[in-house]
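Visitor: show me how the following folds:
(chains A and B, ligands or ions: 2)
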Amino acid sequence: MSHFLQEADAVVVGGGVIGASVAFHLTCAGLRPVLCEGLDLASGSSGACDGLVFLQSKKPGIHLHLALESQRRLEALRCVLPMEFEYLRRGGLVVIGDEAEYAAMERYVTAQRQNGLDVRLVDGCEARRLEPALAAGTHAAAYSPLDAQINPLRLTFALAAGARRNGARILTRTRVTGFERRAGAICAVATSRGSIQTGTVVLATGADTPRLASLMGLDLPIRPRRGQLLVTAPLAPLLRHCLISAHYIAVKYDPALAARDGASVSMEQTERGNLLLGSTREFAGYDRHTTVAGIQSIAAACTRIVPALKTVQVIRSFAGLRPWTPDGLPLLGPVPEVPGLLLAAGHEGDGIALSAITGALIAEWITSGHPHIDVQDFSPARFSDRASPKLAVNGIAS
Amino acid sequence: MDTEHCDVAICGAGPAGLAAATVLERAGLRVRLLDENIQPGGQLLRHTAKRASGGVDRARRRGLRMLDQRTAKERQRPSPQRVIGIFPDREILAADAGEHVIRLKPRAVILATGARERYLPFAGWTLPGVMGAGAAQILVKTHGVLPARRLVAAGAGPLIYAAAADTATAGGRVAAVLDQAGWQDQWRLALALCRRPAKMLEGAAYIIRLQLRGCRMRCGWRVRSAEGRGRLEQVVVSRSDAQGFPTGAAMTIAADGLAIGWGLVANLDLASQAGCRLAHDARLGGWVVDTDQDLATSVPGIYAAGEVTGIGGGAKALVEGELAALGVLTYLGGSLGRQAEARRRRLNRLRRGELALGRALADASRVPPGVLSGIPDDTVICRCEDVTMGEIRQAVFTGADSLLSLKRTLRLGMGICQGRTCGPIVADVLALLTRGPHVPEPPWGTRAPIKPVTLEALAGGPET
Ligand SMILES: Cc1cc2nc3c(=O)[nH]c(=O)nc-3n(C[C@H](O)[C@H](O)[C@H](O)COP(=O)(O)OP(=O)(O)OC[C@H]3O[C@@H](n4cnc5c(N)ncnc54)[C@H](O)[C@@H]3O)c2cc1C
Ligand SMILES: Cc1cc2nc3c(=O)[nH]c(=O)nc-3n(C[C@H](O)[C@H](O)[C@H](O)COP(=O)(O)OP(=O)(O)OC[C@H]3O[C@@H](n4cnc5c(N)ncnc54)[C@H](O)[C@@H]3O)c2cc1C
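Guide: Ligands and ions are numbered 1, 2, ... in the order given. Okay, here's the model as predicted:
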C-alpha cells in the first residue's frame, strides 16, 4: 500500500454532512485536507434523516444564534457549491395540541423573539389559513417564515464536490482504525488503506464518535438516538410549510412535557413531492431497524395532525442514528487532552441545519486558533470539567 | 392493529410454501400461509383458464394435488395477504386487499417468496408491447389473453420457448424465437436434461409446437432495439457472438409484442429485511438466501425454501418446502421420528439432483457482458425515478462506485418499486463499468412496507 502513504494538512474523519462541510471550509481557507469515510458519503445519519433547517426548534440563546448564522451561510453556499441541494424556504409551523403546550410555547416564542427570530403565535383559524391541510380542530401554532428544508443527501454531496474541486481528497471506503501520537499529540492516522501523516484530525463521525475517541482513551457522552421515518409516494403539492408538533420541541427541551402523551412529529414535502414523516426518538444502541411500534406511532400522529394523509401511500421507512448529547448541544472544537484533535460531532437532530456554521468554525479554529463567535458552550471540555470525568484520558492509544 | 400468534408463518404459497404447510399442519401446528395472490399456487400452479391436469410435469401434478386438498380451508381465508415487512424478533406485518393490516408473532418463519423475472434494458424496452416472457405466459395462461397478435420471443433460456409455445397454442402468431445461447449451450442443456425425461419432453413439445406453426427459431441471435410510434411496431435483431456482442447486420421483424426472458432472480425482499445472510451463486440466479442443510437461514427461527435459495424450478421448491418444514419442526422442539429422519435424508439427496438441474438451466439463460455494455445513454433504467443509462455512466465516472452510492446520488431504487426491477440490472452494469469484483454487490435491501400501504392502515385502521 506504499502508493497510499501520504501527508495531509488535516484529516477529516467521516463523510456525513459535517465532515463534508469541514473539508469544504478547510479548502476555502487554503488547506488541502483528506477526508476519510469508512463506507460511502452520507452513509450515516446524514443519509437517513429529514432535511429541516428549522429555526423554531432551536433553543433560544447561542444555539439559535448559531442556527441563524448557519442558515445565512447555507443560502450563500447555493451560489458557491457545484451542485444544487434543493433548498426551499417554505416557512414552518409548530402545531400546538392543547392549552398546556400553548403555555409552554408562549414562553418559548417570547424568548426566541428576544433572540431576533421572526416568529409569532397564531390561533387555530389562522394556522389553517396558512396550512389548509391541518385538521379542523387544530388548537394553535407558532409560525416563522424563515424555516426551510434541504435535501440532506444532496447537501452532503455538494459540499464534498466543492471540497474536491478546491483540492481536498475524498477517500471513500477508507476506514480510520487508529491514531498515532508523539508526546501525546497526534502525528498520524491509521486507515484500512494505509496511514496518513498529519498533525490535525477532525472527528466528524456522528454517532460513531465515541468509538473512535475511545481509541485515544477519551470517553465522550455522545449516544446514538434512533429516529425512524416514513416516506410516501410522490404527491401533488399538499403541504405549504414544514411542520413539526409542539411536542417535538417539548421532547427536546422540556422533560415534563415530554412525559405526556403524543408523538413528536415532523413533516415535509420534498421537491419531488414525496412526504417525509418522522420521527421517533429512541435509545436502542446502534440498531438501525425500523419497528412496528415506531411506524405505527408516526402514522397515527401524522394522520391526526393532517387527516388528508390517511389515504396516502407509504412506500418505505428507514431509521438513522442521531448523535445525541446530554445537553442537546454539539461538541465543537479542540480537545485539550489530545493536542491536534478537534471534534465536530454530537449535533443530534440539528446536524443538517448546523452543518454550514460547524464547518466554518472548525476551519477558523484550525487556521487561526479562535473562531469569530464565542462558542464556549460547545467546547468538548465542558464534559471533562465535570465531577465525574467523562473525558478521562487513559494512556496512549495505538 | 390486531396481533395474532401462531406457530409458523409461511410467506409465499407457491409450491415451496404449500409443501411446507402440508407437513406442518399434519404435525398439528398452527400455520399461517400468506400470499399476495388471490389464488395460492405460486408461479408453477397458476390457475389456468381451463384447469389442466398438470401434463407431464410431475412437480405440477403433485402441487395441484396439494392445492386440491387445501381448497376447502383456503376458501375461508378473508383475502390475499401481502407481507409488507418483517421486523426484529420475527414480527410480521401483513395487509389484505381491504388495507387492513395485522401483526403476526410466529415462533418460526419460512420464507418461500419465489422468484421474479430478470429484466435487461435495451433501446425501446419501455415501449408498450414489450414485456417479460413470464408476464406473457401469465396473460395467456391465467387470463386467457393473447400477449400480441404477432409475437417475438427473445433473450435466453427455456422460459422464452414456454411463453412462445403457450402463445402459439392459444392462437397467437409467433414470428420468431431468438435465443442468445448458441448451439453449444443448447447441447449442454439437452445433455443435462437426459436424466429428466419429463422436462426433456416438455421442451421438445414446445419446440415441435412452434415448428409446426412456422415460427423461426434462431440460436445466437439477440434483440438490439424495439421501435414504434407510441407502441411496439418492429424489433431490430442481429446475430451475436458468445459474449453477446452483435456481429451480423441488423434486420427488422414486424411485431406488436416482444417477450423478453433472461431467467429469474430470487425474491429477496423479506430475507434481506429480516437480516438473513445472502450468498452469491451465478449458476443459481445470482444472489440467494444462504441456508444450511436444514434450510435454516443465518437468523434463528427463519427458514427459506424454493426459488429464494437458488433458482431451480418447481420440483426443487417442493422438496425444499418439505425439508424446511422438517427443519422448523426440530427447531420448535419436536424430535423427528425414524421415518422422518429417513425422509429428510432422501429429500436432501433429491435436492442435490434438483440443484444440478437448476445450474444447467441457469447456464442456458446466462447473461453475457455484451448484452449490458451496449445499452445506449438515453435508455431509461429506473422507471420509477426516470434515471437513464447515461446518468448512471456519468455518476460511476465521477466516483459513485457502489450500489448504495448510486442510489443516494441518482435516487435509483428510491421509487415505488424500491429497485426491484432495476436493482439487478444496475448491479450488473456497475460490475461491468468498474471492472470491479467478479461478484456483483448484493442488491439494495427493500424497506418496509415492501409494497405501498396507506398511512391509515399503518396507524392501525380507522379511529374508533
Ligand atoms: C430521523 C432523523 C431525522 C433528522 N432530521 C433532521 C432535520 O430535519 N434537520 C437537521 O438539521 N438534522 C436532522 N437530523 C440529524 C442529522 O441527520 C444529523 O445531526 C447529521 O446528519 C449528523 O451528521 P454527521 O456528519 O455528524 O454524522 P453522520 O452523517 O452519521 O456521518 C458520520 C460518518 O462517519 C463515518 N464513520 C464512522 N466511523 C468511521 C471510521 N472509523 N472511519 C471513517 N469513517 C467513519 C460514517 O460511515 C458516517 O458516514 C435527523 C436525524 C435523524 C436520524
Ligand atoms: C413469471 C414466471 C413464470 C414461470 N413459469 C414457469 C413455468 O411455466 N413452468 C415452470 O416449471 N416454472 C415456472 N416458473 C418457475 C417457478 O418459479 C417455479 O417453478 C416454482 O413456482 C417455484 O416455486 P416457489 O414456491 O419457490 O415460488 P413461487 O411459485 O414463485 O411462489 C412464491 C409465492 O410467494 C408470493 N409472495 C412473494 N412475496 C410475497 C409477499 N411479500 N407477500 C405475500 N406473498 C408473497 C408470491 O405471490 C408467490 O405466490 C416461473 C417463474 C416465474 C417468475
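
Visitor: strands of the stretch 251-398 of chain A, residue ranges please.
Guide: A:266-269, A:275-278, A:313-324, A:331-334, A:341-345 (DSSP state E, counting those that start in this stretch).

Visitor: of all those strands, which one is nearest ligand 2?
Guide: The closest of the strands of the stretch 251-398 of chain A to ligand 2 is strand A:313-324. By C-beta to the nearest ligand atom, the value is 13.8 Å. For every residue, glycine as well, the C-beta is placed using N, CA and C.

Visitor: check which helices and strands the closest one sits against.
Guide: strand A:223-232, helix A:292-305, strand B:453-454 (3 or more C-beta pairs under 8 Å, 6 or more residues apart in numbering or on different chains; DSSP states H and E).

Visitor: between those, which one is nearest to B:A148?
Guide: When the helices and strands packed on strand A:313-324 are compared for distance to B:A148 using C-beta to C-beta, the nearest one is strand B:453-454, at 33.8 Å.

Visitor: could I get the pLDDT score of A:R32?
Guide: Predicted confidence (pLDDT) at A:R32: the value is 96.

Visitor: ok, back up a step: need the strands of the stretch 251-398 of chain A in a markdown table with mean neighbour count, can you?
Guide: Putting these into a markdown table (neighbours: other C-beta atoms under 10 Å in any protein chain shown) gives the following:
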| stretch | mean neighbour count |
| --- | --- |
| strand A:266-269 | 25 |
| strand A:275-278 | 25 |
| strand A:313-324 | 23 |
| strand A:331-334 | 23 |
| strand A:341-345 | 27 |
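
Visitor: for those strands, which one sits closest to B:I110?
Guide: strand A:313-324 (24.2 Å).

Visitor: so does the closest one get close to ligand 1?
Guide: Yes: for strand A:313-324 and ligand 1, the contact criterion (C-beta under 6 Å from any ligand atom) is met by A:G320, A:R322, A:P323.

Visitor: tilt between that strand and strand A:223-232?
Guide: Counting by axes from the mean of the first three to the mean of the last three C-alpha atoms, to 10 degrees, strand A:313-324 points 160 degrees away from the direction of strand A:223-232.

Visitor: near ligand 2, anything from strand A:313-324?
Guide: No: with C-beta under 6 Å from any ligand atom as the criterion, ligand 2 is not reached by strand A:313-324; the gap is at least 13.8 Å.

Visitor: mind listing what that strand pairs with, with the direction of each?
Guide: Here strand A:313-324 is paired, per DSSP bridges, with strand A:223-232 (antiparallel), strand B:453-454 (antiparallel).

Visitor: export it to PDB, keeping only CA atoms.
Guide: Output in PDB follows, covering the C-alpha atoms of strand A:313-324 (Å, rounded to 0.1, in the frame of the first residue of the first chain):
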ATOM      1  CA  GLN A 313     -49.500   5.500   0.400                       C
ATOM      2  CA  VAL A 314     -46.300   4.900   2.400                       C
ATOM      3  CA  ILE A 315     -43.600   3.500   0.100                       C
ATOM      4  CA  ARG A 316     -40.800   2.900   2.600                       C
ATOM      5  CA  SER A 317     -39.400   3.500   6.000                       C
ATOM      6  CA  PHE A 318     -35.900   3.900   7.400                       C
ATOM      7  CA  ALA A 319     -34.100   4.800  10.500                       C
ATOM      8  CA  GLY A 320     -31.000   6.800  11.300                       C
ATOM      9  CA  LEU A 321     -28.900   7.400  14.500                       C
ATOM     10  CA  ARG A 322     -28.800  10.900  15.800                       C
ATOM     11  CA  PRO A 323     -25.600  11.800  17.700                       C
ATOM     12  CA  TRP A 324     -27.200  12.700  21.000                       C
END
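
Visitor: and that strand, what's its mean pLDDT?
Guide: Here the average pLDDT along strand A:313-324 is 96.

Visitor: repeat for stretch A:126-145
Guide: Rounded mean pLDDT across stretch A:126-145 is 96.

Visitor: go on, stretch B:124-132?
Guide: On average, stretch B:124-132 scores 96.

Visitor: what's in contact with that stretch?
Guide: If you take C-beta atoms under 8 Å, 6 or more residues apart in numbering or on different chains as the criterion, stretch B:124-132 is touched by B:117, B:119, B:139, B:147-148, B:225-228, B:230-232, B:255-261, B:379-380, B:383.

Visitor: return the set of buried residues in it.
Guide: Across stretch B:124-132, burial judged by 16 or more other C-beta atoms under 10 Å in any protein chain shown covers B:G124, B:W125, B:L127, B:G129, B:V130, B:M131, B:G132.
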